[in-house]
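J.: here you go, sequence then predicted model.
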Amino acid sequence: MLPILEHDLYKSLALAVMLLAILLAYRKGQDAVSGSIRSLAWTHVPLIAFAIVSLGPSAFAIMIYLGYKFGLSQPGTRGYSFSTFIRELPFDFAVINWPFVALYLTCRLWPNFGSARSAMWLSIFAMSVPNVLLFSLAWTMVSNVFDAGQGIGVIEAMLIFPIIAMIWPGPAPSIFDAPFGIGFVISALTAPIPFLGLIGWLGGQFIGWSTSNARPKATVGS
């Protein structure tokens, strides 16, 4: 597990940086809109997705808890409770899903970069797929099972484990022990969600480029 998820101080600093990035992106986007007739409302989609994947699992857990409480569904043999996971995990999930904030920042600062809009949608889809695992934790978040936290930790570890360490065993993991925080940066950038987000962004840009090149160009004087 990354230290950033184990220590509240690191987690708070990460959330503060993301908040500053959101405010910066919003301000820069507002300045761009004031000098253009084109709306940038579409650039808010990554923030909406970020809120859903961060808060959605806890909201789902609350729905399950209410279903148990009012007899709409049957809990497990160990019973159920409104655990601290429901209010604490959204902060973990927000840190894990920091690439959505990076995508928002990119779209706001460079909305006309290639096929930014189509690339944004494909990137959001790619990053949302692994987040299905977080929603599957909703039942665990209201369970009275003694070791429920272990299952949550395993899922979180899967979503932050660097892909490069999965496909390149051996000396590659030593890269993550680099000094001055370099190893942490490499680990964060090569985790599944940012990796898939980058692939989605590049794929969307390539599709947009291919489509624009495939269109017939008007001849001069026609």
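T.: Good, I have the coordinates.
J.: quick one, what contacts the spatially most central residue of the chain?
T.: Within the chain, one residue has its C-alpha closest to the average C-alpha position: by Cα atoms, centre = their mean, that is N97, at 2.6 Å. Neighbouring residues of N97 by Cβ atoms under 8 Å, 6 or more residues apart in numbering: F50, V53, S54, M127, N131, I193. Where C-beta positions appear, they are placed from N, C-alpha and C, glycine not excepted.
J.: list the buried residues in the longest helix along the chain.
T.: Longest helix in the chain by number of residues (criterion: DSSP state H): helix 8-34. Using 16 or more other Cβ atoms under 10 Å as the burial criterion, the residues of helix 8-34 that qualify are K11, A14, M18, A21, I22, A25, Y26, G29, A32, V33.
J.: can you put those in TSV and add distance to F206?
T.: As requested, the buried residues of helix 8-34 are arranged in TSV below (distance: Cβ to Cβ, whole Å):
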residue	distance to F206
K11	35
A14	31
M18	28
A21	26
I22	28
A25	24
Y26	29
G29	25
A32	25
V33	28
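J.: out of the residues you listed, which comes closest to F93?
T.: Distance to F93 across the buried residues of helix 8-34 (Cβ to Cβ) is lowest for K11, with 11.1 Å.
J.: you'd agree the closest one is up against P90?
T.: No. Taking contacts as Cβ atoms under 8 Å, K11 lies outside contact range of P90: 11.1 Å.
J.: which SSE is M120 in?
T.: Using DSSP states H and E, the secondary-structure element containing M120 is helix 116-128.
J.: just the mean pLDDT for that helix, thanks.
T.: When pLDDT is averaged over helix 116-128, the result is 96.
J.: which residue, neighbours along the chain excluded, lies closest to A119?
T.: Take A119 and drop its neighbours on the chain: the residue closest to it by Cβ to Cβ, 6 or more residues apart in numbering is G204, 3.0 Å away.
J.: what's next to stretch 54-69, contact-wise?
T.: When contacts are taken as Cβ under 8 Å, 6+ apart, the neighbours of stretch 54-69 outside the stretch itself are 72-75, 80, 82, 85-87, 89-90, 93-94, 97, 134-135, 137-139, 141-142.
J.: check stretch 11-27 too.
T.: Stretch 11-27 is touched from outside by 4-5, 47, 91-92, 94-95, 98, 101-102, 104-105, 108-109, with contacts defined as Cβ under 8 Å, 6+ apart.
J.: let's see that with 6 Å instead.
T.: For stretch 11-27, the external contacting residues (Cβ atoms under 6 Å, 6 or more residues apart in numbering) are I4, F91, V95, W98, V101, Y104, L105, R108.
J.: closest one of these to L40?
T.: In terms of Cβ to Cβ, no member of those lies closer to L40 than R108, at 6.8 Å.
J.: from S54, how far out is the closest one?
T.: Between R108 and S54 the distance, using Cβ to Cβ, to the nearest Å, works out to 19 Å.
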